[in-house]
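**Q** generate a structure from the sequence data that follows.
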Amino acid sequence: MRLLVLLWSLGPLLWQLRTSLLRPEALVAPLLEGNPWTLANYRLVLSGDPPFWRYLGNSTLVALVTTLLTLLLAVPCAYGLQQQRGLLRWGVGLGLVGAAMFPTVLLFLALLEIARSFGLANDLLALSLPYAGLSLPLAVLLLRAAFADLPVELEDAARLEGLGLGQRLRHVLLPLLGPALASTGILVFLASWNEYAIALTWISRNDLLTLPIAIARIGGGSVFTIPYGAFAAATVLGSLPLLLLVLLAQRPIVSGLTRGAVKG
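**A** As a prediction, this is how the structure comes out:
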């Protein structure tokens with residue numbers, strides 16, 4: 001069963017890797033004579049102007065800034081929401097659910113007007129602002145649930161020791177929220193990494209394009225040719241930072257939330 005789940009999860013990536021290493025003729029004629037394998041697709045992607053690594057760097061910068069900004073705003077919001085009681089917490093939570101489920105396609109024209117009015121076009125750091133705003137409702141909901149899972153006795157004991165709110169968050173609560181912060185951060189990072197429509201309307205300079213826009217602009221030898229191999233090579237290269245991120249965050253994700261909690 002585990003092998004089946006593993007194959008199901010890795011199947012698309014392995015297929016993309018295979019496609020990226022095949023000659024165009026081998027994609028349509030699997031029984032073609034001669035060596036079907038080639039690195040030409042990777043050379044085509046990496047030899048572009050601007051270089052492909054520029055797009056990777058742009059997406060990484062936007063995703064990192066978005067993740068940090070979202071977590072910085074979501075942690076105090078989630079803590080404050082958890083401290084509320086009754087209808088107020090229920091109403092705010094319901095509003096956050098509605099905001100998280102709101103179709104972002106309806107916001108594109110408004111965001112474009114904001115970019116024009118405030119001169120935010122062609123600015124990677126400014127691109128993080130709408131990304132963080134769209135990710136914030138879900139991040140607050142996830143972290144609010146994480147705060148709710150922590151024993152109340154932890155904060156009560158810290159309060160009796162004379163710790164202020166900032167000290168309680170920094171030294172007591174946030175260390176126990178490591179897995180929740182890592183999981184939420186990965187979700188925000190992935191959402192901003194894969195976002196297409198807002199980046200398409202906000203960024204027009206070739207050297208500032210994010211990865212999804214750059215991949216979409218890969219062209220073939222003619223208007224009638226679809227460069228499947230180049231698309232696959234760009235997808236594989238674009239997946240490497242995500243795989244590295246998951247590997248680095250694997251330990252805090254699987255670690256327990258109640259490490260260091262009150263013992264019976």
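**Q** is it correct that Leu129 is in contact with Leu120?
**A** Yes: with contact defined as CB atoms under 8 Å, Leu129 counts as touching Leu120 (7.4 Å). Where C-beta positions appear, they are placed from N, C-alpha and C, glycine not excepted.
**Q** pLDDT score for Asn58?
**A** The score at Asn58 is 94. That number is its pLDDT.
**Q** next: Asp123.
**A** 92.
**Q** ok, it - contacts?
**A** Trp202 (CB atoms under 8 Å, 6 or more residues apart in numbering).
**Q** and it, how far from Met1?
**A** 48 Å (CB to CB, to the nearest Å).
**Q** just Pro130 next, same as before
**A** Distance from Pro130 to Met1, by CB to CB: 41 Å.
**Q** got the phi/psi numbers for Thr210?
**A** For Thr210, the backbone dihedrals (degrees, to the nearest 10) come out as phi -90, psi 170.
**Q** surely it meets Ala199?
**A** Yes: with contact defined as CB under 8 Å, Thr210 counts as touching Ala199 (4.6 Å).
**Q** find residues that contact each of those two.
**A** With CB under 8 Å, 6+ apart, Thr210 and Ala199 have common neighbours 62, 127.
**Q** and those two? Which one has more around it.
**A** Neighbours per residue, other CB atoms under 10 Å: of Thr210 and Ala199, the larger number sits with Thr210, 28 against 24.
**Q** give the next helix or strand downstream of the host helix or strand of Leu71.
**A** Element membership for Leu71 (DSSP states H and E) is helix 52-83. Once the chain leaves helix 52-83, the next helix or strand it forms, by DSSP H and E, is helix 87-101.
**Q** how far is that following helix from where the chain is centred?
**A** 23 Å (CA atoms, centre = their mean, to the nearest Å).
**Q** and what of stretch 63-71?
**A** On CA atoms, centre = their mean, the centre of stretch 63-71 falls 9 Å from the chain's centre.
**Q** show residues contacting it.
**A** So stretch 63-71 is in contact with 124-125, 128-129, 131-132, 135-136, 139, 181, 184-185, 188-189, 192-193, going by CB under 8 Å, 6+ apart.
**Q** in PyMOL, select just the buried ones from those.
**A** Buried residues within these, by 16 or more other CB atoms under 10 Å, are selected in PyMOL with:
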select buried, resi 124+128+129+131+132+135+136+139+181+184+185+188+189+192+193
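**Q** where does the protein dip in pLDDT?
**A** Scanning the chain for pLDDT under 70 picks out the ranges 30-33, 219-224, 252-264.
**Q** now with 80, please.
**A** Scanning the chain for pLDDT under 80 picks out 1-2, 6, 9, 24-35, 48, 219-226, 246, 248-264.
**Q** would you mark the buried spots in stretch 152-169?
**A** For stretch 152-169, by 16+ other CB under 10 Å, it's 154-155, 158, 163, 168-169.
**Q** JSON lines for these, including distance to Leu22 and secondary structure?
**A** Formatted as JSON lines, the buried residues of stretch 152-169 follow (distance: CB to CB, whole Å; DSSP: H, G, I helix; E, B strand; the rest coil):
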{"residue": "Leu154", "distance to Leu22": "56", "secondary structure": "helix"}
{"residue": "Glu155", "distance to Leu22": "57", "secondary structure": "helix"}
{"residue": "Ala158", "distance to Leu22": "59", "secondary structure": "helix"}
{"residue": "Leu163", "distance to Leu22": "60", "secondary structure": "coil"}
{"residue": "Arg168", "distance to Leu22": "57", "secondary structure": "helix"}
{"residue": "Leu169", "distance to Leu22": "52", "secondary structure": "helix"}
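**Q** let's have those residues in JSON lines, adding distance to Pro50.
**A** Supplementary listing: those in JSON lines, determined by distance: CB to CB, whole Å:
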{"residue": "Leu154", "distance to Pro50": "50"}
{"residue": "Glu155", "distance to Pro50": "50"}
{"residue": "Ala158", "distance to Pro50": "51"}
{"residue": "Leu163", "distance to Pro50": "50"}
{"residue": "Arg168", "distance to Pro50": "47"}
{"residue": "Leu169", "distance to Pro50": "42"}
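**Q** ok, of the residues you listed, which one's closest to Ala249?
**A** Distance ranking of the buried residues of stretch 152-169 against Ala249, using CB to CB, places Leu169 first at 20.9 Å.
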